[in-house]
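Student: I would like to see how this sequence folds:
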Amino acid sequence: MLTEDNNGLDRLSLENKHRKEKKELQAQIQALKKAAKNDKTKKKELTAEIARLETEQDIRHKHEIENFRSGQSISSDISEQIEENNEKDISKNKISKAQKRRDKKIQQEREREEQIKQQEKENLHGPRNTEIQAITAKLKKRNLKIFPIPSDGDCLYKAVAHQLTIKKQCSISVDELRRKVSTYISNNKDDFLPFMSNPETCEMLTNEELNEYCDKILNTKTWGGQLEIRALSSSLKCPISVIQATGPDSIEQGTEFGDDPLIIAYHRHMYSLGEHYNSTCVDDDSDVEDRSN
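Tutor: The predicted structure is shown next:
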């Protein structure tokens, strides 16, 4: 039998209340993001505001749970005091730039996880599955299968890191791969600038804009694409083969290095959040089928 606190709030009601408040907060956050979409200054302020709102809610929920367990209800006065004290603590703490970047990465991961959960509920017979079937068929010819990589902004780098581990017995972190890409593009600007343009002006990037681009590669979870694959291949001195559903069986980078390529899969429709990369691995089931035939 469920116990109740002084307000008659049983455990299930409290959990439902917290879930509802979390959903309401996420809706509030989405509205704030939409309002600050094209304002860089507001975006920076918004990151701190979101962290504050989530921290306050977490603290309040923890206190409500603790008071529920002890048979006490938390008064609105105490709740307001907690929020007030928390705001004072946040304003007093001087957060380093590195910590701000880490906090931002954590927040981005939370948002993407929520979006992924929603995406998984969508129609399983749409473009996503059609694409996966096409890529799976192409990989099967190579006795390979998809090795899933989380969709968190690091998918390209994690896919390449996985390939290096299984093919080269070489362990390289995502941060190190991002550093290699950022450094290579920065040191070879003339090779990359003709293929890079400002999305607003459609003009070729200036040196300053390219430096900002490289800084984002290094310090954020900005998504990697064809240019980053080229930089990865060149900095690692290793060919990379990209399998996709449509077009040629694969897109090759770094063939001049003449080595066994790292093989990754490119998905346009894996998630509604945007494009995605997976790694690949040997399909042991395929070996069994071949032997049985």
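Student: So which residues of the stretch 151-293 of the chain form helices?
Tutor: 155-168, 174-187, 189-192, 207-219, 226-236, 284-292 (DSSP state H, counting those that start in this stretch).
Student: so what's the residue nearest the centre of the chain up against?
Tutor: Geometric centre of the chain, nearest residue: Asp152, 1.5 Å, by CA atoms, centre = their mean. Contacts for Asp152 (CB atoms under 8 Å, 6 or more residues apart in numbering) come out as Gln108, Glu109, Arg112, Glu113, Lys221. To be clear about C-beta, it is placed using only N, CA and C from the backbone, and glycine gets the same treatment.
Student: Which ones among those lie within helices?
Tutor: Gln108, Glu109, Arg112, Glu113 (DSSP state H).
Student: is it possible to export the helices of the stretch 151-293 of the chain to a markdown table including mean neighbour count, distance to Ala31 and mean pLDDT?
Tutor: Output for the helices of the stretch 151-293 of the chain, formatted as a markdown table (neighbours: other CB atoms under 10 Å; distance: least, CB to CB, whole Å; pLDDT from 0 to 100):
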| stretch | mean neighbour count | distance to Ala31 | mean pLDDT |
| --- | --- | --- | --- |
| helix 155-168 | 21 | 28 | 96 |
| helix 174-187 | 18 | 31 | 97 |
| helix 189-192 | 13 | 37 | 92 |
| helix 207-219 | 15 | 25 | 94 |
| helix 226-236 | 21 | 32 | 96 |
| helix 284-292 | 10 | 47 | 56 |
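Student: before we move on, the earlier item: go through the ones in helices among the contacts of Asp152 and name the one nearest Pro248.
Tutor: Checking these against Pro248 with CB to CB, the nearest one is Arg112 at 29.9 Å.
Student: any chance you could read off phi and psi for the residue lying closest to that closest one once chain neighbours are set aside?
Tutor: The spatially closest residue to Arg112, leaving aside those adjacent along the chain, is Asp152, at 5.5 Å (CB to CB, 6 or more residues apart in numbering). Main-chain dihedrals, Asp152, degrees, to the nearest 10: phi -140, psi 20.
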